[in-house]
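K.L.:
Next comes the sequence, and after it the predicted model I'd like to discuss.
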Amino acid sequence: MKLLKIQQILEAEILVEADNMDKEIRVAFSADLISDVLAMCCEQALLITGMTHVQVIKAARICDLSAVVFVRGKRPGPEVIELAKHNGIPVLLSRLTMYEASGLLFSAGLSGINQISDPH
Amino acid sequence: MNEQSREEQSLFLEFPLESLDFMRAGEASSELKQRLKKLGVKPELVRRAAIAAYEAEMNVIIHARKGTMRVEITPARLLILVEDEGPGIIDIEQAMQEGFSTASQAIRELGFGAGMGLSNIKRCADDLVIQSTPDQGTRLQITINIEKSDR
Ligand SMILES: Nc1ncnc2c1ncn2[C@@H]1O[C@H](COP(=O)(O)OP(=O)(O)OP(=O)(O)O)[C@@H](O)[C@H]1O
Ligand SMILES: [Mg+2]
């Protein structure tokens, strides 16, 4: 699913724009713990999270996440946006809850990590 | 390739780690990741090394006083050695269990303390050796094979 479509489905504000909003996202997962992010991350993945501190972006950078969505309208501080920008990690902000955001994307056909062949 | 040229091809990196330094937290493993990428290490191995290094780095920052991360890269393998001065791990087997964590509430609010770090390291490593002396410190030796890696 294209990142642009994800942004539209979640009616999300773009906090950090991708070089290419048409970039393909293969899989998504939700997590509110850093080590869960690192346990579940895989290629071309989208993270849906309620954590808005800078450690999230540091973890995203470690595991090459394709994009991050902050839910429940929790707006991260400028240092978070700065670090994401610096590392080329697109960031969206949605007013939806984590459940709603995940459910909408899942219904629209975006896979979870257990539905793809190589979850590592 | 003989042993001599192997020697010449090894590269050493060293990063100091400070307790509760959340400004610098994750920088050592991020820099390691960049270096490995530049060296042309296979992306899957870079990713495994980065995740293992990050979890080990965060454990020093969160649970210990100070430490160092040393990395030795040879054509055959990556060796990540993380040593700290700190409380040590009293029961390593228990610490390895997913979900076990002694992280404080303040640390949990930053999203740490899932009790998943050590198992993430084990999953990413081809070999993991943990040694710890209570009240002294902890030493993690993480090996990731480069040659003949079929993972
Ligand atoms: N370097 C260390 N020094 C002292 N204790 C440690 C160290 N590393 C791990 N531990 C102990 O082992 C436990 C489990 O570590 P692990 O990394 O698996 O989880 P965590 O750090 O608590 O949470 P997470 O890594 O999921 O954020 C820790 O809570 C801590 O008690
Ligand atoms: Mg940990």
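P.N.:
On my side now, so go ahead. Ligands and ions are numbered 1, 2, ... in the order given.
K.L.:
what about B:Asp84, is that helix, strand or coil?
P.N.:
strand (DSSP: H, G, I helix; E, B strand; the rest coil).
K.L.:
count of neighbours near A:Glu79?
P.N.:
The local packing of A:Glu79 (other C-beta atoms under 10 Å in any protein chain shown) involves 12 other residues. Bear in mind the C-beta positions are built from the backbone N, C-alpha and C, glycine included.
K.L.:
That one falls within a helix, correct?
P.N.:
Yes - A:Glu79: assigned to a helix according to three-state DSSP.
K.L.:
Flag the shaky bits of chain A, pLDDT-wise.
P.N.:
A:117-120 (pLDDT under 70).
K.L.:
all helices in it, in order from the N-terminus.
P.N.:
Using DSSP state H, the helices assigned to chain A run over residues A:3-9, A:34-40, A:54-62, A:78-86, A:98-107.
K.L.:
Who are the packing partners of the second one?
P.N.:
Spelled out, that is helix A:34-40. Where contact means 3 or more C-beta pairs under 8 Å, 6 or more residues apart in numbering or on different chains; DSSP states H and E, helix A:34-40 is packed against helix A:54-62, helix B:43-63, helix B:117-124.
K.L.:
Chain neighbours aside, what residue packs nearest to the residue positioned nearest the centre of chain B?
P.N.:
Nearest residue to the geometric centre of chain B (C-alpha atoms, centre = their mean): B:Ala53, 3.1 Å. Distances taken as C-beta to C-beta, 6 or more residues apart in numbering or on different chains put B:Ser29 closest to B:Ala53, at 3.8 Å, once the chain neighbours are dropped.
K.L.:
pLDDT of the host helix or strand of that neighbour, averaged?
P.N.:
Using DSSP states H and E, B:Ser29 maps to helix B:27-38. What helix B:27-38 shows for mean pLDDT is 96.
K.L.:
Does that helix reach ligand 1?
P.N.:
No - using C-beta under 6 Å from any ligand atom, helix B:27-38 stays clear of ligand 1, coming no nearer than 13.1 Å.
K.L.:
starting at the chain centroid, how far to stretch A:68-78?
P.N.:
Averaging C-alpha positions (C-alpha atoms, centre = their mean, to the nearest Å) puts stretch A:68-78 10 Å from its chain's average.
K.L.:
Is there contact, residue-wise, from that stretch to chain B?
P.N.:
No - Stretch A:68-78 lies apart from chain B when judged by C-beta under 8 Å from any C-beta of the partner chain; the minimum separation is 12.7 Å.
K.L.:
Enumerate residues external to that stretch that contact any of its residues.
P.N.:
A:6, A:10, A:12, A:15, A:46-50, A:52-54, A:56-57, A:60, A:84, A:89-98, A:101 (C-beta atoms under 8 Å, 6 or more residues apart in numbering or on different chains).
K.L.:
Ends of stretch A:76-92, what's the gap?
P.N.:
End-to-end distance of stretch A:76-92: 10 Å, with C-alpha to C-alpha, to the nearest Å as the criterion.
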